Every structure is written in C-alpha cells, then in structure tokens.
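>>> Generate coordinates for the sequence data below:
(chains A, B, C and D)
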There are 2 protein chains.
Amino acid sequence: MTVDQTDRELLALLQQDATQSYAVLGQAVGLSAGAAHERVRKLKASGVIRRTTIEVDPAALGSGVLAYVLLDSDAWMGDAPTLQALKDIAAVEEAHITAGAASVLVKVRTTSTEALQAALRALHQVDGVTGTQTIVVLESFFERPPAVGATPA
Amino acid sequence: MTVDQTDRELLALLQQDATQSYAVLGQAVGLSAGAAHERVRKLKASGVIRRTTIEVDPAALGSGVLAYVLLDSDAWMGDAPTLQALKDIAAVEEAHITAGAASVLVKVRTTSTEALQAALRALHQVDGVTGTQTIVVLESFFERPPAVGATPA
DNA sequence: CATCTTAACCGAATCTCATTTGGCATCTGC
DNA sequence: GCAGATGCCAAATGAGATTCGGTTAAGATG
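Coordinates of the predicted model:
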C-alpha cells in the first residue's frame, strides 16, 4: 500500500490521540470526515495500523523495575521454540536476535528486584542459554512510539 | 487509585483492542456498559491509562533497522539537557539511565543502515558522550505492551 | 483527442454507541 | 442503626461512526 504525506499526518495524529473524531482529524489534514475515515480504514486493512490500543502506566500497576538482559548461548536461538519460551515469561516485553557478542536481547519489566531475579532465573532455564548480562535501568528518560514523519531523502 | 482485578481485566482487553464497545467490555467482565465506562473513565482520569493510541507497523513505513546503543560518557548524563538532546533525535525511541558500564541506553529505529549511521553521529554529538557501543537487531521476536496481569504474591 | 476506468472526495442519511442521569443496593465509619 | 460514600444498573439523549450516491480528477486506451 502507498502511504502518502496525508496518511502520515493522520498516523501521527492518531498516535497522539486515537479518540478524536473523524471530523476533527479530517479538518486537521484538510479532508472531510468521510474521506479521513476511508483513509484510516485502509491503513488498518493493510496492516500499517496494527491495532488501536491503550498505553498503560507501568508504575501505576506496580511495575517499577526495568532491565535489559543480554543472553549468551551455545546454540542458535533464532527459532520458534526459543521465541515461545521467551513469550511465556510474562515479564519479557521485547525479545530480539542481535548481532554482536550476545545472541539475544530481551527487555524485562517487573514489580520488584525479587521479581527481576525470578525472571532472570526463568531466562537461564530457556534452552540454549548459557549466561546473562543484565543492564538495570535507574531512570527512564522516555519511551515513545516510533516516529512516523516523512522519510527523509 | 486502587486497581482491582476487574480493572486489570479491562486494561488487558483494551490493550488488545481499544475500539470495542463498552457493552462488549462490560459483558466480558460481568458489568453493565455504564459501569464499565465509569471504570475506564476513572482509569484514564487517574493516569493509569496514559492515552489511547494506534500501533503502527514500522516496517510498513520503511523503518526496518533497529538497534540498541550504549552511550559512554565523561559526565553525569541524568539531567534535562541530555534528555532534550536525545529527544531531538527522531530515530531515538527510548532512552534510559542505566547502572553498569555504560551510563545511557537508547533504542534507535531507522529506515536504513545509512540512517542508523546518521543517528549514531548525532548521538556522538550529544554533550558528554565519549563513545558508543551498538547492538544491531537482526530479527525481532516480538515487542508487546507491558503485562497487566495480577501482581503475583 | 475522445472515451473509459479507477480512485478519491464530498455531503447527507442512518444507525450504533458513548455519555449522562436517576435511583437502588452495599459497605464504611460513627 | 444511621449518614455518607461508592459502585452498580437501566434508560434517555446526543454525538459521532459508518454507509451511500453522486461528482471530479487522473490516468489509461483506442
């Protein structure tokens, strides 16, 4: 699908606040409510918009501990069983295969350092993992959604 | 604010799909539409729900390169000027002060390796930064919203 | 150049759902 | 046991999502 400048503006506006009416959205980009609706419908249908969701404050739910963990391994970790094992650990928010010394990088958020320890234990038990290096976050400057601005030349 | 089990269920449902009607939400948790609405309203007012937003597929917009960058520094980086400097780099999605060897960890997403290089250049120019270590992501297993389940004992 | 096709837009009509209101039951503290 | 507060339901109202018919503009085709 072609995503033009107007679409990007709509995406940016919806990223900031997905509850605004199509009338307002349309006005902001110079379209009628109907036309804005049609564009957004297509963006959803084509998968550019994955879903509409809420952003929850982790601190409000007691998840105050954030850490990044590098996993060392003695086998290839890029396959489905590894993925599933990581997904099954609720504290794991992201998991990526990486280039460099470690093979996998995971982002972990827990309610306490005790819970972090439990998560690390679980990570150690994942097949193939031989060791971990943990980077504990002291303070988050910000976490924001991906930029949607026009692709620079 | 007190967040009980029903609230957590509502949060989980809204995280999956924030477009469902309050009638459906209420039914799912055993409440009337009005009561569900009232709970969600309070969650928003109290800041547990930060905002309603859309999740955009970065790949669909051409942002296929993801990397984590560790920043070394010769000064304390935990202050507002550093925050602002990092925020001004559009490719930076997250920035955290960390314990450990490096002082700051940033998540960077770009359209190409050339753009990644440009982002690294910009990071080097941030006041206090003396060096960087970059972890390039080869493949993302998943990136999901924070868990909202009941806090285990 | 005339015509056909397609895509995108607008404005109006319809219909669903968010939001508000009033009243009842439950629980708390006095 | 009583007053106040909290949380719920059911019903009314209005806003806004969604649909539809018709128009224009931009290419393609001959």
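>>> from memory residue A:26 sits against residue A:32, does it?
Yes: here residue A:26 reaches residue A:32: they are 5.3 Å apart, a contact under Cβ atoms under 8 Å. Every C-beta, even on glycine, is put in place using the N, C-alpha and C of the backbone.
>>> Just want to know which of those two has more residues nearby.
residue A:26 (19 against 12; other Cβ atoms under 10 Å in any protein chain shown).
>>> Could you look up the SS state of the more buried one?
Secondary structure, DSSP: H, G, I helix; E, B strand; the rest coil: residue A:26 is helix.
>>> pLDDT score assigned to the nearest residue to it once chain neighbours are set aside?
Spatial nearest neighbour of residue A:26, excluding adjacent residues (Cβ to Cβ, 6 or more residues apart in numbering or on different chains): residue A:36 at 3.7 Å. Per-residue pLDDT puts residue A:36 at 97.
>>> Also residue A:153?
Reported pLDDT for residue A:153: 46.
>>> remind me which residues of chain A are low pLDDT?
A:151-153 (pLDDT under 70).
>>> go with 50
Across chain A, residues meeting the criterion (pLDDT under 50) sit at A:153.
>>> Do a quick rundown of the strands in it.
Assigned by DSSP state E, the strands in chain A fall at A:49-56, A:65-73, A:92-98, A:104-110, A:129-143.
>>> For the residue nearest to residue A:68 when sequence neighbours are not counted, which residues are in contact?
In space, and not counting its chain neighbours, residue A:68 is closest to residue A:135: 4.5 Å by Cβ to Cβ, 6+ apart. For residue A:135, the contact set (Cβ atoms under 8 Å, 6 or more residues apart in numbering or on different chains) comprises A:67, A:68, A:69, A:70, B:70, B:98, B:99, B:100, B:102, B:105.
>>> For the residues you listed, give me TSV that also has distance to DNA strand D.
Below are the contacts of residue A:135 laid out as TSV (distance: Cβ to the nearest atom of the strand, whole Å):
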residue	distance to DNA strand D
A:67	34
A:68	37
A:69	38
A:70	43
B:70	43
B:98	38
B:99	38
B:100	42
B:102	44
B:105	38
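>>> From these, list the buried ones, please.
Using 16 or more other Cβ atoms under 10 Å in any protein chain shown as the burial test, those include A:67, A:68, A:69, A:70, B:70, B:98, B:102, B:105 as buried.
>>> Now the two most distant members of the residues you listed.
Farthest apart among the buried ones among the contacts of residue A:135 by Cβ to Cβ are A:69 and B:102. That separation is 14.6 Å.
>>> Test of understanding: give the bridge partners of the spatially most central residue of chain A.
Closest residue to the average C-alpha location of chain A: residue A:94 at 6.8 Å, with Cα atoms, centre = their mean. Under DSSP bridges, the beta-bridge partners of residue A:94 are residue A:107, residue B:143.
>>> Got the phi and psi for residue A:63?
phi -90, psi 90 (degrees, to the nearest 10).
>>> What is the burial count for it?
21.
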